[in-house]
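A.B. asks: Curious how this folds, go ahead:
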Amino acid sequence: MAGMQADFDSIFQAIRADEQNEGFTRRGIDPLYAASATSRLAIIGQAPGRAAQETRTPWNDRSGDRLRDWLGIDRATFYDPSAVALLPMDFYYPGKGKSGDLPPRRGFAEKWHPVLLGMMPRRRLTVLVGSYATRRYLELPPSARLTDVVRNYAGYLPRFFPLIHPSPRNQLWMSRNPWFEADVLPRLRSEVASALRG
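C.D. replies: Got it, this is the predicted structure:
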């Protein structure tokens, strides 16, 4: 296991040294993600928010509180990489856009995710949070509606569980789609608990 950790450390350093991330590294900003060889659950979101990057803690905001509630796990479990891997589509805060944070950079996840996920042989379930992760991993066409994908979550099990983003901005969506809380969340918590039991 010590050798595996050395490999994870070398990947971390390789991400820091990648010229694509030079601007961040020069400012002392490290990639923000968590993973280990024993992770049984992987959560793939979009990119760290500003609060997450400033505190060096992924999902360190109200969206994270809601996501942990949806998953049915506490903070200690969520932030334990021996159990849970947190791999956003970009490991750096992309900055602010006109209507929220900018999207993850193209090609970032395609470059680094396969390397890291390939080093997690015990992974049982991957939760895909939001449109960027869902479209990438489920290979969806541009016309696919995230609402329909989430409603049909069972068709992607046992490998993947697609979700909308837990942002408070999606409160209206939840009120219009009561099936999500009634049907999807109980199954999500069951699948997560099963994955974490190993």
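
A.B. asks: drop to CA atoms for contacts and neighbour counts, all remaining ones
C.D. replies: Noted.

A.B. asks: element containing the closest residue to Ala17 other than its chain neighbours?
C.D. replies: Nearest-residue entry for Ala17: Thr25, 7.5 Å, with adjacent residues in sequence omitted and distances by CA to CA, 6 or more residues apart in numbering. Following DSSP states H and E, one finds Thr25 within helix 22-26.

A.B. asks: Packing partners of the helix or strand following that helix?
C.D. replies: Counting by DSSP H and E, the next helix or strand C-terminal to helix 22-26 is strand 41-44. Strand 41-44 makes packing contacts with strand 84-86, strand 125-129, helix 185-197 when contacts are defined by 3 or more CA pairs under 8 Å, 6 or more residues apart in numbering; DSSP states H and E.

A.B. asks: swap the cut-off to 6 Å and go again
C.D. replies: With contacts defined as 3 or more CA pairs under 6 Å, 6 or more residues apart in numbering; DSSP states H and E, strand 41-44 has these neighbours: strand 84-86, strand 125-129.

A.B. asks: Let me know how buried the residue lying closest to Gly198 once chain neighbours are set aside is, in neighbour terms.
C.D. replies: Take Gly198 and drop its neighbours on the chain: the residue closest to it by CA to CA, 6+ apart is Arg40, 6.6 Å away. For Arg40, the count of nearby residues is 25 (other CA atoms under 10 Å).

A.B. asks: correct me, but Arg40 touches Arg123?
C.D. replies: Yes: taking contacts as CA atoms under 6 Å, Arg40 lies within contact range of Arg123: 3.9 Å.

A.B. asks: May I see the buried residues of the helix holding Thr25?
C.D. replies: 24-25 (16 or more other CA atoms under 10 Å).

A.B. asks: Return the alpha-carbon coordinates of it using CSV.
C.D. replies: Taking C-alpha atoms only, helix 22-26 is exported to CSV below (Å, rounded to 0.1, in the frame of the first residue of the first chain):
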residue,chain,number,x,y,z
GLU,A,22,1.2,26.6,-14.4
GLY,A,23,-0.7,29.7,-13.5
PHE,A,24,-2.3,28.1,-10.5
THR,A,25,0.9,26.5,-9.3
ARG,A,26,2.8,29.8,-9.6
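
A.B. asks: any idea of the mean pLDDT for it?
C.D. replies: The average pLDDT within helix 22-26 is 96.

A.B. asks: tell me how far it is from the chain's mean position?
C.D. replies: 23 Å (CA atoms, centre = their mean, to the nearest Å).

A.B. asks: what's the lowest-mean-pLDDT helix or strand in the chain in contact with?
C.D. replies: Every helix and strand of the chain was ranked by mean pLDDT, DSSP states H and E. The lowest is strand 100-101, at a mean of 81. Under the contact criterion CA atoms under 6 Å, 6 or more residues apart in numbering, strand 100-101 has outside partners Gly95.

A.B. asks: Recalculate using a threshold of 7 Å.
C.D. replies: With contact meaning CA atoms under 7 Å, 6 or more residues apart in numbering, strand 100-101 is reached by 94-95.

A.B. asks: Quick check: neighbours of that strand in the sheet, parallel or antiparallel?
C.D. replies: If you go by DSSP bridges, strand 100-101 pairs up with strand 96-97 (antiparallel).
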